[in-house]
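>>> missing the sequence, but the structure's below:
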């Protein structure tokens, strides 16, 4: 986070204190409360190892600079999404018939997801780009619907190296090579 508190209230030059709470303190601990009034922004990094969103709530009290006069307390809530991860399940090509597949399972991050696959294959007679040899070029990139968390690439040849890249709607990226 890097939240300038002056941007949250009318006027500028105020000082702020705040308390912080987490909806899952044991997994995503809230940062320490700010008890000394300051104009510094809220800067903290949260990592969510769970499979559910966690909310961090700041209860903020502004003070007019140079006085001890408190303004109206307000809250600011941050949602910490689960970390984006992707695992793959590979079914090998049987007898070089081009019948292998890769299933990409996605957890965390922010839906929707875009899954890109690229690769190179080698046979005794040919080396080529998976993008042109196996797929219609527009089939390499698959975008999930709002509820999908899995994408399958079917009919893959063996003797290949495949690169999978998953990007969520907040531009977080993970990848694997097979």
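Looks like it arrived, so ask away. All figures in this text were calculated on a predicted structure; none of them were measured in a lab.

>>> what's the helix or strand for residue 32?
Counting by DSSP states H and E, residue 32 is held by no secondary-structure element, helix or strand.

>>> quick one, strands of this protein?
2-3, 15-22, 34-38, 42-43, 54-63, 74-80, 85-91, 100-107, 113-122, 127-129, 141-143, 150-156, 160-168, 173-177 (DSSP state E).

>>> how about those strands in TSV, adding mean neighbour count, distance to residue 28 and mean pLDDT?
Placement of C-beta: from N, CA and C, glycine included. Converted to TSV, those look like this (neighbours: other Cβ atoms under 10 Å; distance: least, Cβ to Cβ, whole Å; pLDDT from 0 to 100):
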stretch	mean neighbour count	distance to residue 28	mean pLDDT
strand 2-3	12	17	84
strand 15-22	18	5	95
strand 34-38	13	18	92
strand 42-43	15	15	92
strand 54-63	19	4	95
strand 74-80	14	6	94
strand 85-91	15	16	85
strand 100-107	17	16	86
strand 113-122	18	22	73
strand 127-129	13	42	43
strand 141-143	15	29	70
strand 150-156	17	26	81
strand 160-168	18	18	83
strand 173-177	14	19	82
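
>>> of those, which is nearest residue 9?
In this view, these are compared for proximity to residue 9 by Cβ to Cβ, and strand 54-63 is the closest at 5.7 Å.

>>> packing partners of that closest one?
Secondary structure elements in contact with strand 54-63, counted by 3 or more Cβ pairs under 8 Å, 6 or more residues apart in numbering; DSSP states H and E, are strand 15-22, strand 74-80.

>>> and with 10 Å instead?
Under the contact criterion of 3 or more Cβ pairs under 10 Å, 6 or more residues apart in numbering; DSSP states H and E, the helices and strands touching strand 54-63 comprise strand 15-22, strand 34-38, strand 42-43, strand 74-80.

>>> those strands into JSON lines, with extra columns for distance to residue 160?
As requested, the helices and strands packed on strand 54-63 are arranged in JSON lines below (distance: least, Cβ to Cβ, whole Å):
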{"stretch": "strand 15-22", "distance to residue 160": "45"}
{"stretch": "strand 34-38", "distance to residue 160": "54"}
{"stretch": "strand 42-43", "distance to residue 160": "45"}
{"stretch": "strand 74-80", "distance to residue 160": "38"}
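
>>> among the ones you listed, which comes closest to residue 51?
Comparing the helices and strands packed on strand 54-63 against residue 51 with Cβ to Cβ, the closest turns out to be strand 74-80 (12.4 Å).

>>> tell me which residue of the chain is furthest from the middle?
Using Cα atoms, centre = their mean, the residue of the chain lying farthest from its centre is residue 67. It sits 41.8 Å away.
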